[in-house]
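Student: Attaching a predicted model along with its sequence, questions to come.
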Amino acid sequence: MIRKLLRRVFSKPLPTHEPALIPVEKHHIRRESISAGARQTVARLQEHGHAAFVVGGAVRDLLAGIEPKDFDIATDATPEQVRGIFRRSRIIGRRFRIVHVMSGGETMEVSTFRAGNDVDSETDEHGRVLRDNVFGNVEEDAARRDFTINALYYNPTDETITDYHHGVADLKQKTLRMIGDPRKRYREDPIRLLRAVRMAAKLGLAIDPAARTPIREMADLLENVPAARLFDEMLKLLLSGHAVECLRQLREEGLHHGLLPLLDVIMEQPLGERFVWLSLASTDARVNAGKRTSPGFLFATLLWHEALAAWEARKRNGEPPIPALHGAMDEVLDIQGGKLAITRRIAADIKDIWILQPRLENRAGRRPLRVIEQPRFRAGYDFLLLRVESGELDHELADWWRDFIEADTEARLAMLTPEKKSARRRRRRGKGGGEDARPESGE
């Protein structure tokens, strides 16, 4: 740290880049578009003599006519100074410390301006930055951001946007442009390969050729990204409301291989491909309608045909159906675990949905009455409807369950069909053994 400090003190000053100061009359973002919590946080920081702005994605989305999900703030105050100003706040992070400031029901992420990565930054053998805990000024903070459309600083006090890298112009021209040398920036953080695709799909932008050309040839860098970070980015991509376009562009750029192992194989199968696209389109529709989405349900659909293939293979090898399904589920999720750090909660949701499928297909006896009481029944039923819509199952099954769900208790009992006796139970009854009331192993 002393070496870095001396270098910064005695090195030549960085060449200045005069930013564009864009008034509200040109960008049309009023302070009322910023959440109350973010406005108050910026105002408090400025009252204490600090520079503070709403930055990045929120400003970009407002310019694009999209309602931001959250509002991040950048300031010249250190984390300790921010913590001293706001009673309801906490410092988090290791790689770079930031402060979560709570205001009402909102939580704002407040970060200190960061210096650009340099020769003294700690990197791995591929050039990925491991530590960059160096504070800087606002010009350096803008230069170290990934894309020009993310290097925008909005001041709610005077409603101006400070634009250091022509991001507003790029957004108007529908162009996604990298700040600095794209190859170097991808090496610093390979997640930017995925972010480029997600940003372009979400905002309907064309990736600048200089940023697009290296994507396919540098895709192997993603192998070096920690599984947890890769999973988080994939989740953002799949729940962006533009998952269909994102996945199409991932395939065009050659980035889909290995992210969800064997996903490209699934999508080359007519049945599997239709199922996946239906699932993604359904998720996009829910996101864009402001409805809740379930990561567990989404990953259950994306990986279903891998689980189905593994299940059929185990049954052909003589395993009983239900143990075979459990084995297939573990097999597929273990493969995923090597690349994507799917959380235990999400993995449990995936399994709950999958294990309901054979139970939903078996309507004999009183089984439907028991299945409909399962906590995850609704998710399992929605999953079944996707299978029917893709052509995997007959529509009669979905129609029966729809009627069963809407029926009252008496009508449901009338819909039940007698359970077929197994050969073993018929032999027992013939020998006077009576009715065997135990459920079959498949239940």
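Tutor: Happy to help now that I have it.
Student: Identify each of the strands in this protein and give its residue range.
Tutor: Using DSSP state E, the strands found in the chain span residues 20-22, 52-55, 72-75, 89-92, 98-103, 106-112, 122-123, 129-131, 152-155, 160-163, 175-176, 206-207.
Student: Redo the ones you listed as CSV? Include mean neighbour count, distance to N224 and mean pLDDT.
Tutor: Every residue, glycine included, has its C-beta placed from N, CA and C. Shown next, in CSV, are the strands of the chain (neighbours: other Cβ atoms under 10 Å; distance: least, Cβ to Cβ, whole Å; pLDDT from 0 to 100):
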stretch, mean neighbour count, distance to N224, mean pLDDT
strand 20-22, 15, 36, 95
strand 52-55, 26, 28, 98
strand 72-75, 24, 26, 97
strand 89-92, 14, 25, 95
strand 98-103, 20, 24, 95
strand 106-112, 19, 25, 95
strand 122-123, 13, 11, 53
strand 129-131, 12, 11, 52
strand 152-155, 26, 30, 98
strand 160-163, 22, 33, 97
strand 175-176, 21, 23, 97
strand 206-207, 16, 22, 96
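Student: Could you export the ones you listed as a markdown table, including distance to R145?
Tutor: Shown next, in a markdown table, are these (distance: least, Cβ to Cβ, whole Å):
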| stretch | distance to R145 |
| --- | --- |
| strand 20-22 | 16 |
| strand 52-55 | 8 |
| strand 72-75 | 10 |
| strand 89-92 | 20 |
| strand 98-103 | 15 |
| strand 106-112 | 11 |
| strand 122-123 | 18 |
| strand 129-131 | 14 |
| strand 152-155 | 9 |
| strand 160-163 | 12 |
| strand 175-176 | 13 |
| strand 206-207 | 16 |
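Student: Can you say which of those is nearest to L416?
Tutor: Nearest of these to L416, taken as Cβ to Cβ: strand 106-112 at 50.0 Å.
Student: That closest one vs strand 98-103, what angle?
Tutor: Note on geometry: by axes from the mean of the first three to the mean of the last three Cα atoms, to 10 degrees, strand 106-112 and strand 98-103 are set 150 degrees apart in direction.
Student: Pairing partners for strand 106-112, with directions?
Tutor: Its sheet considered, strand 106-112 pairs with strand 72-75 (parallel), strand 98-103 (antiparallel) by DSSP bridges.
Student: can you redo the ones you listed as JSON lines with distance to R198?
Tutor: Formatted as JSON lines, these follow (distance: least, Cβ to Cβ, whole Å):
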{"stretch": "strand 72-75", "distance to R198": "17"}
{"stretch": "strand 98-103", "distance to R198": "22"}
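Student: So in this structure, which helix runs the longest?
Tutor: Determined from DSSP state H, the single longest helix within the chain is helix 295-316.
Student: Looking at that one now, give me its mean pLDDT.
Tutor: If you average the pLDDT over helix 295-316, you get 93.
Student: Contacts only, for V332.
Tutor: L303, E306, A307, A310 (Cβ atoms under 8 Å, 6 or more residues apart in numbering).
Student: ok, 10 Å please
Tutor: 261-262, 303-311, 350, 354 (Cβ atoms under 10 Å, 6 or more residues apart in numbering).
Student: ok, now V197?
Tutor: Counted by Cβ under 10 Å, 6+ apart, V197 has contacts 176, 207, 212, 215, 237, 245-253, 255-256.
Student: just P270 next, same as before
Tutor: S390, G391.
Student: Got the confidence number for it?
Tutor: 74.
Student: Would you mind measuring from it to E396?
Tutor: 22 Å (Cβ to Cβ, to the nearest Å).
Student: again, but for R229
Tutor: Distance from R229 to E396, by Cβ to Cβ: 45 Å.
Student: Which one's more surrounded, these two?
Tutor: The residue with more neighbours, out of R229 and E396, is R229; 13 against 9, by other Cβ atoms under 10 Å.
Student: Was I right to think the more buried one contacts R192?
Tutor: No. Under the criterion of Cβ atoms under 10 Å, R229 makes no contact with R192, lying 11.6 Å away.
Student: re the thing from before, out of the strands paired with strand 106-112, which is closest to F135?
Tutor: Closest approach to F135 among those is made by strand 72-75 (10.4 Å; Cβ to Cβ).
Student: Now do the same for the residue lying closest to Q249 once chain neighbours are set aside: its pLDDT.
Tutor: Sequence neighbours aside, V197 is the residue nearest to Q249 in space, at 4.8 Å (criterion: Cβ to Cβ, 6 or more residues apart in numbering). As predicted, V197 sits at a pLDDT of 91.
Student: any idea how far L384 is from V197?
Tutor: V197 is 31 Å from L384, by Cβ to Cβ.
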